[in-house]
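Here's a sequence, model it:
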Amino acid sequence: MNARSLIWVIVATVLAAACSPVPPQYFPAQLASLTTEVEPAAINSVSYAIRPPLSDHPGYLETIKYIDNGIKYNDQYGEFFVSYDGQLCFRGLVNRQLVMFENYQNYWCMFPTAVNNVDAIENNVSYVNSVRLWCVHSAPQCARRFGYPLFLDESGWVGNSITVQIVPYREARRALEYLVYLMGGNARQAELSAPTDVSFGLR
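Below is the predicted model of the structure:
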């Protein structure tokens with residue numbers, strides 16, 4: 001096989017992978033860290049539900065599922081989960097500078113106790129709304145990206161926030177604030193010492 005044929009084989013392989021209906025699982029959910037000694041059962045572990053659900057409000061696992069469904073509504077290959085070490089993790093169109101090159105091999109994660117507040121961001125241009133989780137002042141770069149580098153993506157591996165497209169975004173904001181509360185954090189604007197309405201459409 002000559003060099004030209006080899007190049008065409010490589011190009012065809014890359015294009016086939018790029019056009020595949022299912023993105024490659026380079027970095028599965030249960031490996032949302034740099035370690036490989038993780039059991040899949042540890043994902044969304046109820047041991048991270050520090051506080052009990054409020055009366056007549058959704059539970060911990062229901063809240064995680066609601067947020068995950070909201071992400072999948074915009075991006076069928078996106079996902080949300082609580083990692084083996086208790087971080088809120090997002091995969092997909094998250095903190096993206098080059099959306100067209102998203103290859104789903106990276107996750108953005110942050111600990112719930114490091115969340116200062118959650119913003120609901122309305123986009124009047126693309127009409128794809130999002131939420132943004134901000135780090136507390138004492139942990140200014142608490143957001144971390146885990147995965148494999150992509151030479152087309154120049155965004156950093158740490159940040160002061162995580163922005164994710166989600167539907168419905170206002171209800172998702174309340175769901176994230178409530179999940180932070182359940183996991184022992186205190187999102188400032190949520191006033192979660194006595195939440196009044198965090199049902200976000202589940203009940």
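
and the host helix or strand of residue 81, what other elements does it pack with?
Element membership for residue 81, per DSSP states H and E: strand 79-82. Packed against strand 79-82 by the contact rule (3 or more C-beta pairs under 8 Å, 6 or more residues apart in numbering; DSSP states H and E) you find helix 60-74, strand 88-91. To be clear about C-beta, it is placed using only N, CA and C from the backbone, and glycine gets the same treatment.

Show me what the mean pLDDT comes to for stretch 180-198.
For stretch 180-198, the mean pLDDT works out to 68.

on that earlier part again, save the helices and strands packed on strand 79-82 as a markdown table, and put in mean neighbour count and mean pLDDT too.
Putting the helices and strands packed on strand 79-82 into a markdown table (neighbours: other C-beta atoms under 10 Å; pLDDT from 0 to 100) gives the following:
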| stretch | mean neighbour count | mean pLDDT |
| --- | --- | --- |
| helix 60-74 | 19 | 95 |
| strand 88-91 | 26 | 93 |
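
Now render these as TSV, adding distance to residue 116.
Listed next are those as TSV, based on distance: least, C-beta to C-beta, whole Å:
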stretch	distance to residue 116
helix 60-74	18
strand 88-91	13
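
I'd like to know which of those is closest to residue 104.
strand 88-91 (6.1 Å; C-beta to C-beta).

Just the CA atoms of the closest one, as PDB, please.
Extracted as PDB, the C-alpha positions of strand 88-91 are listed here (Å, rounded to 0.1, in the frame of the first residue of the first chain):
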ATOM      1  CA  LEU A  88     -21.800  17.800  39.000                       C
ATOM      2  CA  CYS A  89     -20.600  16.700  35.600                       C
ATOM      3  CA  PHE A  90     -21.800  17.800  32.100                       C
ATOM      4  CA  ARG A  91     -21.000  16.400  28.700                       C
END
